[in-house]
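> Sequence and computational prediction follow.
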Amino acid sequence: MSEIKKITDKLLSFRKDRDWEQFHNPKDMALSLTLEAAEVLEHFQWKNGEILREYVKNNKEYLGEELADVFGWILLMSHDLNIDIIDAMEKKIIKNSIKYPVEKSRGRADKYNKL
């Protein structure tokens, strides 16, 4: 059993034990994913340079918790929508490698249509 499957099963069990499936429609899960991603952003707001580096160094546990919240919603959504998230990610990497060929995009932050 893959690690993704194991952690997804734990999340599903956690949700089932609390009877939360009733609240987990795609729209509300997408909203929750966005809200959790915003909580990740909050950690970085108004910080740059050495202050940011020091903050990250000293707050890995909190940052990990926020990233885990985002990851949890991704796993639940992909399960409920019957999307193989690993397969989707592999396909997306291939698609992005075509949109952003190394010879045109190396060291550049331009969007693919500006390369």
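Perfect, thanks for sending it.
> Just the element for the residue sitting furthest away from the middle of the chain, please.
The C-alpha centroid of the chain is most remote from residue 103, which lies 27.9 Å away (C-alpha atoms, centre = their mean). If you go by DSSP states H and E, residue 103 is part of helix 102-105.
> Give me the distance between that helix and the centre of its chain.
26 Å (C-alpha atoms, centre = their mean, to the nearest Å).
> residues contacting the closest residue to residue 33 other than its chain neighbours?
Closest residue in space to residue 33, ignoring its immediate chain neighbours: residue 73 at 3.9 Å, by C-beta to C-beta, 6 or more residues apart in numbering. In short, each C-beta sits where N, CA and C put it, glycine included. Counting by C-beta atoms under 8 Å, 6 or more residues apart in numbering, residue 73 makes contact with 29, 32-33, 36.
> Let's have the residues you listed in TSV, adding secondary structure, neighbour count and distance to residue 44.
Below are the contacts of residue 73 laid out as TSV (DSSP: H, G, I helix; E, B strand; the rest coil; neighbours: other C-beta atoms under 10 Å; distance: C-beta to C-beta, whole Å):
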residue	secondary structure	neighbour count	distance to residue 44
29	helix	17	24
32	helix	18	20
33	helix	18	18
36	helix	18	14
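> could those residues go into TSV alongside pLDDT and distance to residue 21?
Listed next are the contacts of residue 73 as TSV, based on pLDDT from 0 to 100; distance: C-beta to C-beta, whole Å:
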residue	pLDDT	distance to residue 21
29	98	11
32	98	14
33	98	17
36	98	19
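> which one among these gets closest to residue 99?
Checking those against residue 99 with C-beta to C-beta, the nearest one is residue 33 at 23.7 Å.
> So residue 62 sits against residue 44, correct?
No. If you go by C-beta atoms under 8 Å, residue 62 and residue 44 don't touch, sitting 11.8 Å apart.
> Please identify the helix or strand for the closest residue to residue 67 other than its chain neighbours.
Closest residue to residue 67 apart from its sequence neighbours, by C-beta to C-beta, 6+ apart: residue 40 at 6.3 Å. Using DSSP H and E, residue 40 maps to helix 26-42.
> buried sites along that helix?
Buried residues in helix 26-42, counted by 16 or more other C-beta atoms under 10 Å: 29, 32-33, 36.
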